[in-house]
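A.B. asks: Take this sequence and fold it.
(one chain, ligands or ions: 1)
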Amino acid sequence: MSNTELDLLRQQANELNLQILKLINERGRIVQEIGKAKEAQGINRYDPVRERAMLNEIIENNDGPFENSTIQHIFKEIFKAGLELQEDDHSKALLVSRKKKPENTIVDLKGEKIGDGEQRFIVGPCAVESYEQVAEVAAAAKKQGLKLLRGGAFKPRTSPYDFQGLGVEGLQILKRVADEYDLAVISEIVNPQHIEEAIDYIDVIQIGARNMQNFELLKAAGSVKKPVLLKRGLAATLKEFINAAEYIMSQGNDQIILCERGIRTYETATRNTLDISAVPILKQETHLPVFVDVTHSTGRRDLLLPTAKAALAIGADGVMAEVHPDPSVALSDSAQQMDIPTFEKWLNELKPLVQVKA
Ligand SMILES: [Mn+2]
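C.D. replies: Numbers count the residues shown, from 1 in each chain. Here you go, the predicted model:
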C-alpha cells in the first residue's frame, strides 16, 4: 500500500469520526426531548425493557467485523451518556439549584440575614419543658448577642413512650419568650395540619430528619410564607436532601435553610456521623444557606466544640446546638445538651473563628 492510499484511508476514518460525532449528538438531542416528555408525564427516565429491545435490534443487524459483545458495550455507553444528559437537564431545572439561581438566597429572620456571608448560631433546649426553662436559655443567648432560639414543642421520638413534647402549649411558650427577649424562634412541626396554627407562634418551621421525606409536610411548609429549616434525613443522600428542599420551593416558598445533622453509618462512637463535606457540596449545588447541627450529629458533649470549629472552617452559614439550664434533668437528649456555663465557654472559643460580613 502506498503512502497516498494510506492517507486516503485515514482521511476516510477521520470523516467517519465526524459523522459518528454528528449522529451521537443528534441522538443526544432526541433523548433530551424524550426526557422532557417523560418528565411531563411523570415517567421514570430509565427504562430497562426498552434498552434491552434496542440492544437486541442492534445486534440482529450487526454484520461485523465487530463482535456482538463489543457492539453491545459501545451502545451501552451511548445509552448511559444519554441518560446522564437527561439527569443534567433535570438538575438544571431544580429551583433550589445554583444553576437556576447563581446568587445566594438570604433568609431574613427578624433582621438576621441568614446566608449573607456572616456565620450565626441557633441555640436552645431540645424540648420546651417550661416557660422558665426556655427563658433562662433565651437570656443566656441574648447576653451573648445571639438572636436565634430553638426549642422543640412536638418531639418525634424513637420510642412512643418517650416525652412527646408540650405541643401547642410549647409553641405558646416560645412565642412569649421570643417577644420578651426579641429573638427569632425555631420549632419543629411534624403534622401538615399544624402548620397554619404554628406560623402564628414561630419564626421558622423546622422539618426534622425523620420527616425529611414526608412529602405532604414538605408541601404544606412550602405553601406558607414562613422560613423553613430542613434537616437532612438520617439515611438520606444529598440528592434526596436537595429534592426534599425542592418540594418546599416548588410550592412557592424560597425561604429555606438546609441543616446537616449527621447520617447513619456503621460507626458507633458518635450518635450519627457528621458528613462535613455535605456543607460545601450543598453550597455548590444549591443557593440555600447551610447550617450544621453539632448536637445530633455527634450525640457527645465533648465533640461540640471541635465539630462546630469544623463547620465554621468549612464555610457553614451557622451552627446549631442544644443548650439546657440543667441537662441532667432534661426530658430528652440529656447526654449531649450543654448547660449555660458550658455554652458560654463553647461560644467564646468559637467567636474568634466566626466569619463576619465584610
Ligand atoms: Mn434534641
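
A.B. asks: any idea how far L149 lies from the ion?
C.D. replies: Look at L149 and the ion: by CB to the ion, to the nearest Å, they are 14 Å apart. C-betas here are computed from N, CA, C, even on glycine.

A.B. asks: for that residue, what are its contacts?
C.D. replies: Residues in contact with L149, defined by CB atoms under 8 Å, 6 or more residues apart in numbering, are 122-124, 134, 137-138, 141, 174, 177-178, 181, 183-186.

A.B. asks: The strand or helix carrying it: how far from the chain's middle?
C.D. replies: L149 is part of strand 148-150 when elements are defined by DSSP states H and E. Strand 148-150 has its C-alpha centroid displaced from the chain centroid by 20 Å (CA atoms, centre = their mean, to the nearest Å).

A.B. asks: need the next SSE after it, C-terminal direction.
C.D. replies: Toward the C-terminus from strand 148-150 - assigned by DSSP H and E - lies helix 168-181.

A.B. asks: tell me which residues in that following helix are buried?
C.D. replies: Under the neighbour-count criterion of 16 or more other CB atoms under 10 Å, helix 168-181 has G170, L171, Q172, I173, L174, K175, R176, V177, A178, Y181 buried.

A.B. asks: quick one, phi/psi of the closest residue to the first one other than its chain neighbours?
C.D. replies: It refers to G170. Excluding its sequence neighbours, the residue lying closest to G170 (CB to CB, 6 or more residues apart in numbering) is A153, at 2.9 Å. A153 adopts backbone torsions of phi -100, psi -40, taken as degrees, to the nearest 10.

A.B. asks: What is the neighbour count of A153?
C.D. replies: Counted with other CB atoms under 10 Å, residues neighbouring A153 total 26.

A.B. asks: before we move on, the earlier item: walk me through which strands the strand holding L149 pairs with, and which way each runs.
C.D. replies: According to DSSP bridges, strand 148-150 has the following sheet partners: strand 120-124 (parallel), strand 184-188 (parallel).

A.B. asks: Wasn't A311 part of a helix?
C.D. replies: Yes: membership of A311 in a helix is supported by DSSP: H, G, I helix; E, B strand; the rest coil.

A.B. asks: List the single closest residue to it in space, sequence neighbours excluded.
C.D. replies: Closest to A311 by CB to CB, 6+ apart is V292, at 3.7 Å.

A.B. asks: and the one you found, what does it touch?
C.D. replies: Contacts of V292 by CB under 8 Å, 6+ apart are 259-261, 274, 276, 279, 307-308, 310-311, 316, 318-320.

A.B. asks: quick one: which of the residues you listed is nearest E84?
C.D. replies: V279 (25.7 Å; CB to CB).

A.B. asks: Could you name the helices and strands sitting against the strand or helix carrying the closest one?
C.D. replies: When elements are assigned from DSSP H and E, V279 belongs to helix 278-285. Packing partners of helix 278-285 (3 or more CB pairs under 8 Å, 6 or more residues apart in numbering; DSSP states H and E): helix 238-249, strand 256-260, strand 290-293, helix 304-314.

A.B. asks: and the longest one, how far out from the chain's middle?
C.D. replies: To tie it back to what came earlier, the one meant is helix 238-249. For helix 238-249, the distance to the chain centre is 6 Å (CA atoms, centre = their mean).

A.B. asks: In terms of secondary structure, what does that helix contact?
C.D. replies: helix 215-222, strand 228-231, strand 256-260, helix 278-285.

A.B. asks: Quick check: closest non-adjacent residue to G165.
C.D. replies: Using CB to CB, 6+ apart, the nearest residue to G165 is K155, at 3.8 Å.

A.B. asks: can I assume the one you found is in contact with G167?
C.D. replies: No: the pair K155 / G167 is not scored as a contact, 9.5 Å apart, by CB atoms under 8 Å.

A.B. asks: So these two - more neighbours on which side?
C.D. replies: Higher neighbour count among K155 and G167: K155, with 21 against 13, using other CB under 10 Å.

A.B. asks: residue contacts, that one?
C.D. replies: C126, A127, D162, F163, Q164, G165, E188, S332.

A.B. asks: could I get these as a markdown table with pLDDT, neighbour count and distance to the ion?
C.D. replies: What follows is the contacts of K155, written out as a markdown table (pLDDT from 0 to 100; neighbours: other CB atoms under 10 Å; distance: CB to the ion, whole Å):
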| residue | pLDDT | neighbour count | distance to the ion |
| --- | --- | --- | --- |
| C126 | 95 | 24 | 3 |
| A127 | 95 | 28 | 7 |
| D162 | 88 | 13 | 11 |
| F163 | 86 | 15 | 11 |
| Q164 | 88 | 18 | 13 |
| G165 | 92 | 25 | 11 |
| E188 | 96 | 25 | 10 |
| S332 | 86 | 18 | 6 |
